[in-house]
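> model the following, please.
(2 chains)
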Amino acid sequence: MGNPVDTSITAFGKLIVSHHEALYRAALVLSGGRHADAEDLTQQTLLKAYQKREQLREPAAAKRWLLVIARSIFLKNLHKKSAQLWANFDPADDDRSNSADRHSQADRTIIQQRGADSSAIDYPIDPSELPQLLSRLDDGQRLILHLYYFEDLSYREIAEMLQVKIGTVMSRLARAKQRLRDLAQVGQD
Amino acid sequence: MVQEKSRNSGSVIPDKILEIAFDLKQQMIDWEDASTIPPSASPLLAWILNDPNRMAILERWQQQDDELRSALRNIPVPAEAFSRSMAALARSIKDSAQLPSTSVQPNLESDYLELVDDPELQLEPLEPTTRTNRNSDTVSGPKSDRKKTARVGNALSVAPTPSSPTVDWQRLHQKYQEYQINTPRTFLQYCLGVALAASLFIALGMGVLAYLQEKPPESIASLAAESQQWIDDQTRNVVWENNWSMFATTFPPCDGLKGQPQRARQFQSRFGKVTVFDYSPGESRPAYLFVVDSDNKFQLPEQLPVNPNYRRDNESLGGFLSKKYVYLLAVQGDTKAYQELLTIHAGIAN
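Numbers count the residues shown, from 1 in each chain, chains lettered A, B, ... in the order given. The predicted structure follows:
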């Protein structure tokens, strides 16, 4: 049996110092790259974490715990459950051939160009440009990026959480990643 | 499916396949040995793993994934975000203390944060070393976006920032503990606390007991072994009825059974009233047919699976539901012969 978690405010302060940056970045992704909203979400998360700090049983899991709280608040602020973000998801959307229909006209042009030149090189994504790129993704896409890249959930875990097929998760995540790359390419072109 | 060529290669591999392959590759970490790989995944894995070019493409996908992960985890964080977060946290907790409270006990946490303004506290600025790796040149968004954080700015007057006094957390904590110790609790609070603790203890104990009693079998083989053992235990010292004409009228077997049991026995078990027919011919190993009241059928699957039937080598375990009875067959020996002997009408079996 491990040592009890230190719930003192001193320990909580250290926890914030350790994980604030990671939490802020995750909040920024969920908030569509808007810093003001990310700050609000971060602050709400920290307040909730402070109120519930005795629920943290494993100090090593503190970061994940904060991220889960942030995600929960994000969904609550949307007045939606995670599954509802996918309610309008068309199962036929699993087919990548339909993916262009969901993009803007500008994005469609990019994809058409990419199709014409399949040997086009990949453009590295500049972290400082990501906030702007994230603003072009919808809530569901940003949520899945958060679950996969910040909470480190597997496809299967995400599928179970969102109550969708694993193929849907894969397709949705791939589309979000591809869209980020496409938008990054536009910026560099 | 778009036959989109994979980037950086001349190979034509649909992206959909790459996604699936990538997922499989991720999952391979969890697969302890080849036997646990889903059969449907094996051909695709082999198709990829046996070709260096395909592996290279997959590796490229992995690299792209890593690059994006790295980019997301290195988004510049505005230098002032931390101080604003801390300020807002302190402010929020302080604000909560100003709300009218109907609880018996004061909001200690909020009162505690009020101590931020205590002039007796030797407030110290935050140590700059606690926040390293900050890019002060980072743009945190246009000023117009900062309306939502205006309220946060108000908190700066009482909250820790790199250039303003901050909270001596350790000292506050000590004061908080002293406050808790010195604050008498009401008798009602003690009663509620004891009741809550007792409830939790009882619930936990019941949960543990339930878990121990309902410990699921590890495999179908162990399930069969446990069931067979249970049968043997229940019938070891019982007095069997050998008179067919007598027990056929007392507890008749299922109409669809072809064979005639050589003996029978009825007894009470934790599953309810159980009738056991022994169909083993002569000196061979026993073949038991159980009949259990179906009202108890939902207690059965733990040890006695009704479906699907289990059969391995000389062991067989299975059953069927007929009318208001659950029939369960447990056999050790020539299972094929017993199954033929106990052939059930098609309309009844399973």
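
> looking at chain A, which helix or strand is least sure?
Within chain A, no helix or strand scores below helix A:105-116, which has a mean of 39 by mean pLDDT, DSSP states H and E.

> could you dump the very next helix or strand once past that one to CSV, C-alpha only?
Next helix or strand after helix A:105-116 toward the C-terminus (DSSP states H and E): helix A:130-134. Provided in CSV are the C-alpha atoms of helix A:130-134 (Å, rounded to 0.1, in the frame of the first residue of the first chain):
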residue,chain,number,x,y,z
LEU,A,130,-0.8,25.4,-34.2
PRO,A,131,-3.2,27.6,-32.3
GLN,A,132,-4.2,29.2,-35.5
LEU,A,133,-4.5,25.9,-37.3
LEU,A,134,-6.5,24.4,-34.5
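
> who's in contact with helix A:130-134?
A:28-29, A:32-35, A:125, A:142, A:180, A:183-184, A:187, B:71-72, B:75, B:141 (C-beta atoms under 8 Å, 6 or more residues apart in numbering or on different chains). Yep, even glycine has a C-beta here, placed from its N, CA and C like the rest.

> tell me the buried residues within those residues.
A:28-29, A:32-35, A:125, A:142, A:180, A:183-184, B:71-72, B:75, B:141 (16 or more other C-beta atoms under 10 Å in any protein chain shown).

> next step: these restricted to helices.
A:28, A:29, A:35, A:142, A:180, A:183, A:184, B:71, B:72 (DSSP state H).

> quick check, nearest of those residues to residue B:267?
Proximity of these to residue B:267 was ranked by C-beta to C-beta; the top entry is residue A:142 with 63.6 Å.

> what residues does that closest one make contact with?
A:29, A:30, A:32, A:134, A:176.

> with those in mind, which one is nearest to chain B?
Nearest to chain B among the contacts of residue A:142 is residue A:29, at 6.4 Å by C-beta to the nearest C-beta.

> so how far is residue B:53 from the closest one?
34 Å (C-beta to C-beta, to the nearest Å).

> ditto for residue A:74
For residue A:74 relative to residue B:53 (C-beta to C-beta), the value is 41 Å.

> for stretch B:197-215, list the C-alpha coordinates in CSV.
Output of stretch B:197-215 as CSV, limited to C-alpha atoms (Å, rounded to 0.1, in the frame of the first residue of the first chain):
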residue,chain,number,x,y,z
ALA,B,197,-17.5,5.7,7.8
ALA,B,198,-19.5,2.7,9.0
SER,B,199,-21.5,2.6,5.8
LEU,B,200,-18.4,2.8,3.7
PHE,B,201,-16.7,0.0,5.8
ILE,B,202,-19.8,-2.2,5.5
ALA,B,203,-20.1,-1.6,1.7
LEU,B,204,-16.4,-2.3,1.2
GLY,B,205,-16.6,-5.5,3.2
MET,B,206,-19.7,-6.7,1.3
GLY,B,207,-17.9,-5.9,-1.9
VAL,B,208,-14.9,-7.9,-1.0
LEU,B,209,-17.0,-10.8,0.2
ALA,B,210,-19.0,-10.7,-3.0
TYR,B,211,-15.9,-10.7,-5.1
LEU,B,212,-14.4,-13.6,-3.2
GLN,B,213,-17.6,-15.6,-3.6
GLU,B,214,-18.2,-14.7,-7.2
LYS,B,215,-14.7,-15.1,-8.3
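
> which strands or helices does the helix or strand where residue A:157 lies pack on?
According to DSSP H and E, residue A:157 maps onto helix A:155-162. In this structure, helix A:155-162 packs against helix A:166-188, helix B:15-28, with contacts taken as 3 or more C-beta pairs under 8 Å, 6 or more residues apart in numbering or on different chains; DSSP states H and E.

> change it to 6 Å
If you count contacts as 3 or more C-beta pairs under 6 Å, 6 or more residues apart in numbering or on different chains; DSSP states H and E, helix A:155-162 packs onto helix A:166-188.

> how about the helix it packs on: buried residues?
A:166-185.

> hmm, back to that, pick out the lowest-pLDDT one from the buried ones among the contacts of helix A:130-134.
Minimum pLDDT across these is recorded for residue B:141, with 37.

> where does the chain dip in pLDDT?
All of this is about chain A. Where chain A drops to pLDDT under 70, the residues are A:1-7, A:79-123, A:187-189.

> that's the other chain; I wanted chain B
Looking along chain B with the criterion set at pLDDT under 70, you get B:1-50, B:54-55, B:57-58, B:96-188, B:211-228, B:230-231, B:252-259, B:269-273, B:281-287, B:290-350.

> picking up where we left off before, looking at residue A:74 and residue B:53, which is more packed in?
Neighbour count, other C-beta atoms under 10 Å in any protein chain shown: between residue A:74 and residue B:53, residue A:74 has more, with 24 against 13.

> which residues touch the more buried one?
Contacts for residue A:74 were tallied using C-beta atoms under 6 Å, 6 or more residues apart in numbering or on different chains; they are residue A:30.

> recalculate using a threshold of 8 Å.
By C-beta under 8 Å, 6+ apart, the contact set of residue A:74 is A:27, A:30, A:31, A:41, A:143.

> and residue B:70, by the same measure?
Neighbours of residue B:70 in contact, by C-beta under 8 Å, 6+ apart: residue A:127.

> what do you get if the cut-off is 10 Å, keeping everything else the same?
A:124, A:125, A:127, A:149 (C-beta atoms under 10 Å, 6 or more residues apart in numbering or on different chains).

> of those residues, select the buried ones using a ChimeraX command.
Per 16+ other C-beta under 10 Å, the buried members of the contacts of residue B:70 correspond to this ChimeraX selection:
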select /A:125,149
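
> so which of the contacts of residue B:70 comes closest to residue B:87?
residue A:127 (25.9 Å).

> and the next helix or strand past the helix or strand encompassing residue B:59?
If you go by DSSP H and E, residue B:59 is part of helix B:52-72. Of the helices and strands lying after helix B:52-72 in sequence (DSSP H and E), the nearest is helix B:81-97.

> that next one vs chain A: in contact?
Yes - against chain A, helix B:81-97 shows contacts by C-beta under 10 Å from any C-beta of the partner chain at B:81-82, B:84-93, B:96.

> which helices and strands does that helix pack with?
helix A:9-30, helix A:35-51, helix B:108-114, helix B:150-155 (3 or more C-beta pairs under 10 Å, 6 or more residues apart in numbering or on different chains; DSSP states H and E).

> right, and the ones you listed - which one's nearest residue B:199?
Within the helices and strands packed on helix B:81-97, the stretch nearest residue B:199 is helix A:35-51; the backing value is 23.0 Å (C-beta to C-beta).

> what residues of that closest one count as buried?
A:35-50.

> let's see that helix as PDB, backbone CA atoms only.
The C-alpha coordinates for helix A:35-51 follow below in PDB (Å, rounded to 0.1, in the frame of the first residue of the first chain):
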ATOM      1  CA  HIS A  35      -5.700  31.700 -25.700                       C
ATOM      2  CA  ALA A  36      -8.300  33.600 -23.800                       C
ATOM      3  CA  ASP A  37     -10.600  30.500 -23.800                       C
ATOM      4  CA  ALA A  38      -7.600  28.300 -23.000                       C
ATOM      5  CA  GLU A  39      -6.800  30.400 -19.900                       C
ATOM      6  CA  ASP A  40     -10.400  30.200 -18.800                       C
ATOM      7  CA  LEU A  41     -10.500  26.500 -19.200                       C
ATOM      8  CA  THR A  42      -7.100  26.100 -17.400                       C
ATOM      9  CA  GLN A  43      -8.300  28.200 -14.500                       C
ATOM     10  CA  GLN A  44     -11.600  26.300 -14.200                       C
ATOM     11  CA  THR A  45      -9.600  23.100 -14.300                       C
ATOM     12  CA  LEU A  46      -7.300  24.200 -11.500                       C
ATOM     13  CA  LEU A  47     -10.200  25.300  -9.400                       C
ATOM     14  CA  LYS A  48     -12.000  22.000  -9.800                       C
ATOM     15  CA  ALA A  49      -8.800  20.100  -9.200                       C
ATOM     16  CA  TYR A  50      -8.200  22.100  -6.000                       C
ATOM     17  CA  GLN A  51     -11.700  21.400  -4.800                       C
END
